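In: no letters, just coordinates:
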């Protein structure tokens, strides 16, 4: 037989040499009679019929050749034959189209493969081969997993053929895509179809239940999940089932389930805070506190006290009438030693006790408030509210410890009002002049603490003008003059002052303490400065600064900008209160421009109101306060910090000092971070990419590990290695690979 094939091949070649095409065809046909799978003869017949302009006949032999090449695993040549001769030569058998699609898929030519699978899926049913059509639809869904119509078509076909599991999975995926597209109603219907096909499938039931929860049908979700609850151990299922129980009102059962979920998933505490909120709203405050106590212990062990405090704030704010929650809330901030927040909670707790008639506890809370801030003017008001409802001697003791606030004095009559048979002791206070001096001294101390020398001297000049010679009687003021290296003209320095004075000594003013607002501000300035310094990048420093300032001041907006005035900002960050939308960039630029033109007040603050600045009205604001930030080295303007309110607000001096101090610390941290980054890159980084070289890994890692331990911050390390580097250089060229490396490095490095 082999001899006959060779003879026929020789005859065919001789015929072609003499241009006898028809005779050559007959010779090749003779070859196929002897050897039906002969590739050379099959391809030659296709070529000759194409040469004779007989495309239908040519397609028969090219199709046969494609089949032979596919069987022999010569896939690149098979794809080339189909693409060149068969794709446009008329309709091919669906099985051949499906094989071609598979070859395209292997070559990662996904769009073309999907097109061919689609064509084959349409043709198979006409030949009674619906199973093959289903296989094609399954392939399409794998190649195009993000298109919902693909999964719907697969699901409907599978359901028609009785493939319930496959159909349910397709409906499930379609439902997930609908959920991702916020089409929750459509997702609910798709999950329902999947559940009808496989009601005993736990995954389908869970997704269906989650969809019902989004639709507000907690009872329906609970009913779906109950059959699986006894044997369930995975955290996702338990959390969903617990959510359904909680929303349907079965709080105790929900508690047991959600605590199981939290044990399986150590980070899954969010639903337990929701459970505490539900308990509180159901007037079961003691159980709410039990849940929170359990969560607190576990989060404290995980060093997540700050996160717990944030979640606790939300629960307490959502239930302002709960005394037990407020007590737990206050104890939390007492343990954390966050005095300003502790004070705020005690204020609320006092009101709750008073309204509930628990005057003894209200009195105890008032004593704590006085311990924290004896200068808060509202303490005297609280004393008046308790008058006649608690023992007189207790109120006398509290009243004796109170001091007048700088912003509001207590009427003289209140110091002589009788408490039964006895009179209350007059409040400890200072004259208006003494209080003004105290305020100026506090302001100066703040400026000196944060290296604001020029502003400190301004305050001292004002003190010298208003209280000439006071430094001779006030040791605290004298020390300030010495610390600032500035003395009033003609004043005697400490070393020049006489040891004995001929005049009788005046009593020293014993102000002894900052005002309450200043104390809280000082604590917060230190806290924010430490938090800002720990941030890894300048942009993160700006973001954390505006968020902390805006939250602390309860501002509607807070804006930080770094850059010289009159130029586009180098960096900017904005804080928006809940419900406030971010401002467009054009409005921010216009606001800064008007702020820069405003005349500073005596304290250096730039105050603008909506009446004089229309841009504030456009941003939904009524008033704004800005402070200019100064570069310590150049002493030139380097940025601005702005806080603003959507309602009326009377700006206080301590708010200006607070913004100025935080802003200067923020700018200083940004400058230091940039300098450290520059030095590090210059010393140990690759010149072109900026990435650390091999020799620098260990030194850098050890240094950063030490800093992380000192500051108590997390640390992450990423090392990249490019596989098959030599092959890439050979294929793409060295210059192209270097450009790719530079682009990769740029995407990895923090934004300056």
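Out: Ah, there it is. As the structure is a computational prediction, the values presented were derived from the model and not from experiment. Numbering: from 1, shown residues only.

In: where do the strands sit along the stretch 351-500 of the chain?
Out: Per DSSP state E, counting those that start in this stretch, the stretch 351-500 of the chain carries strands over the ranges 418-419, 422-423.

In: where do the domain boundaries of the protein fall?
Out: Domain segmentation of the chain under automatic domain parsing yields 1-73, 145-199, 205-268, 276-407, 431-489, 517-680, 685-748.

In: which of those has the lowest average pLDDT?
Out: Among these, domain 685-748 carries the lowest mean pLDDT, at a mean of 68.

In: okay, residue 416: pLDDT?
Out: At residue 416, the pLDDT value in this model is 32.

In: please apply the same query to residue 109.
Out: At residue 109, the pLDDT value in this model is 93.

In: against residue 543, how distant is it?
Out: 44 Å (CB to CB, to the nearest Å). Heads up, the C-betas are built off the backbone N, CA and C, glycines and all.

In: of the two, who's got more company?
Out: residue 543 (18 against 15; other CB atoms under 10 Å).

In: now the more buried one: closest residue in space, sequence neighbours ignored.
Out: residue 573 (4.7 Å; CB to CB, 6 or more residues apart in numbering).

In: phi, psi of residue 144?
Out: Note on residue 144: its backbone torsions stand at phi -130, psi 70 [degrees, to the nearest 10].

In: sorry, back to before: bridged to the residue nearest to residue 543, which residues?
Out: Residue 573 has these beta-bridge partners by DSSP bridges: residue 560.

In: and it, how many neighbours?
Out: Neighbourhood size, residue 573 [other CB under 10 Å]: 21.

In: what does residue 655 give?
Out: 20.

In: residue 648 now?
Out: If you count neighbours by other CB under 10 Å, residue 648 ends up with 8.

In: so can I have CSV of the domains of the chain showing distance to residue 127?
Out: Converted to CSV, the domains of the chain look like this (distance: least, CB to CB, whole Å):
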stretch, distance to residue 127
domain 1-73, 16
domain 145-199, 15
domain 205-268, 36
domain 276-407, 60
domain 431-489, 84
domain 517-680, 59
domain 685-748, 44
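
In: quick one: buried residues of whichever strand or helix holds residue 140?
Out: Element membership of residue 140 [criterion: DSSP states H and E] is helix 130-143. Within helix 130-143, the residues scored as buried using 16 or more other CB atoms under 10 Å are 132, 133, 134, 135, 136, 137, 138, 139, 140, 141, 143.

In: turn the residues you listed into a markdown table, including pLDDT.
Out: Shown next, in a markdown table, are these (pLDDT from 0 to 100):
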| residue | pLDDT |
| --- | --- |
| 132 | 94 |
| 133 | 94 |
| 134 | 94 |
| 135 | 94 |
| 136 | 95 |
| 137 | 95 |
| 138 | 93 |
| 139 | 94 |
| 140 | 94 |
| 141 | 93 |
| 143 | 93 |
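
In: tell me the one of those nearest residue 297?
Out: Proximity of the buried residues of helix 130-143 to residue 297 (CB to CB) peaks at residue 141, which lies at 47.4 Å.

In: that closest one contacts residue 173, correct?
Out: Yes. Contact status for residue 141 versus residue 173: in contact at 7.5 Å, counting by CB atoms under 8 Å.

In: what do these two both touch?
Out: Both residue 141 and residue 173 are contacted by residue 151, under the criterion CB atoms under 8 Å, 6 or more residues apart in numbering.

In: returning to what we had before: my read: the residue nearest to residue 543 touches residue 542, true?
Out: Yes. Between residue 573 and residue 542 a contact is recorded at 3.7 Å, counting by CB under 8 Å.

In: among the buried residues of helix 130-143, which two are most distant?
Out: So for the buried residues of helix 130-143, where distance means CB to CB, the most widely separated pair is 132 and 143, at 16.9 Å.

In: phi, psi for residue 94 please.
Out: Torsion angles, degrees, to the nearest 10, at residue 94: phi -60, psi -30.

In: so which elements touch whichever strand or helix holds residue 272?
Out: In the assignment (DSSP H and E), residue 272 maps to helix 270-281. Judged by 3 or more CB pairs under 8 Å, 6 or more residues apart in numbering; DSSP states H and E, helix 270-281 is in contact with helix 235-247, helix 251-264, helix 285-301, helix 305-318.
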